[in-house]
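J.: Generate a structure from the sequence data that follows.
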Amino acid sequence: MTSETPLIVITGPTASGKTRRAVDVARAIGGEIISADSRQIYRGMDLGTGKDMEEYGEIPCHLIDICPAGYRYNLYEFLRDEKRAREEIIARGRRPILCGGTGLYVEAVVNGLSLPEVPSNPTLRESLKDKSLGELTEILSQMKTLHNVTDVDSCQRAIRAIEIATYYREHPEKATETTPHPLRNVTIIGIDIDRDSRRRRITQRLKQRLDEGMVDEIRNLISSGIAPEDLIYYGLEYKFITMFVTGALSFDEMFSGLETAIHQFAKRQMTWFRGMERRGHKIHWLPYDMGRDEFVEEVRSLIPAET
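T.: Model (predicted):
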């Protein structure tokens, strides 16, 4: 196999069953899975991120449990690690399958995006540390067009985005390295699930993970020395359950708030995927309840030949 070995992408909203589908395809075509989930990279964050490791069986999966909880992984690191994993899979004569619901990660890979490493700027960070999120957002908006809110959902992210924009302004030659070179041999499979089924599965899964000990998982992370604010940074389960564990929310407030937040998150994921389609990426949507053999054969029929 070569660098033109087809890349298969299996994506979709949370609770749509992506992992099981990716494993079925991997078994059928001799593949290995690369996770495109922005939180499953963290060790000890298992139930809250839905790793479901038992689903993989004998199928190798990459970019899971590669960083300690509390670390703040970024897009540059993901693109670096994903490319390395994909090249190693191809070198072994296996097929790479990118699986996950982090739309930013998925689209960056299929776009062939490459980012130079941007070092920290302590002086700039010091000058920004006391500014509000609104002030930081205004500064950033004067430096770049804000296409989405991910850069400004916290002061830490906004400061890092300003740091990166400042670096490119001071090193314009580095900006040319970010020019995308879209991958030519990519098949994107989307797991299509209707809104009602998606909402039902989200609620069922949330209840199941709470029964399995998700609250204890987060208590243990805090007991291990991870600051509550660092867990809140990861959002969703880690935000709401940390607030429950620290007494900021009651259990009922935590559950209802988290359930709503996950539904909203799934909606944002679908918005991103629709945006990808508008930006020229063909996504082949297959039903979430499609039979296993039928699903695998449909994916096989969509994979282009190597060039």
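
J.: Break down this protein into its helices, ranges please.
T.: Taking DSSP state H as the criterion, the chain contains helices spanning 18-29, 75-91, 103-110, 122-128, 133-141, 155-170, 172-175, 195-211, 214-223, 228-232, 236-245, 251-278, 292-302.

J.: Nearest to Asp37, out of the ones you listed?
T.: Evaluated over these, closeness to Asp37 peaks at helix 103-110, with 7.8 Å, by CB to CB. Glycine gets a C-beta too; all of them are placed from N, C-alpha and C.

J.: helices or strands up against the closest one?
T.: When contacts are defined as 3 or more CB pairs under 8 Å, 6 or more residues apart in numbering; DSSP states H and E, helix 103-110 packs onto strand 7-11, helix 75-91, strand 186-192, helix 251-278.

J.: Would you mind finding the most buried of those?
T.: Per residue and on average, the most neighbours among those fall to strand 7-11, with a mean of 26 (mean count of other CB atoms under 10 Å).

J.: So for that strand, mean pLDDT?
T.: Taken as a whole, strand 7-11 has an average pLDDT of 98.

J.: Sheet partners, orientation included, of that strand?
T.: strand 95-99 (parallel), strand 186-192 (parallel) (DSSP bridges).

J.: a markdown table please, covering those strands and showing distance to Phe240 and mean pLDDT.
T.: Putting those into a markdown table (distance: least, CB to CB, whole Å; pLDDT from 0 to 100) gives the following:
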| stretch | distance to Phe240 | mean pLDDT |
| --- | --- | --- |
| strand 95-99 | 26 | 98 |
| strand 186-192 | 25 | 98 |
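
J.: Redo these as CSV? Include distance to Met276.
T.: What follows is the strands paired with strand 7-11, written out as CSV (distance: least, CB to CB, whole Å):
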stretch, distance to Met276
strand 95-99, 13
strand 186-192, 8
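
J.: one step back: and of the helices and strands packed on helix 103-110, who's closest to Ala161?
T.: Closest approach to Ala161 among these (CB to CB): helix 75-91, 10.9 Å.

J.: From the contact counts, what lies against the closest one?
T.: Checking 3+ CB pairs under 8 Å, 6+ apart, helix 75-91 ends up next to strand 31-35, strand 61-62, strand 95-99, helix 103-110.
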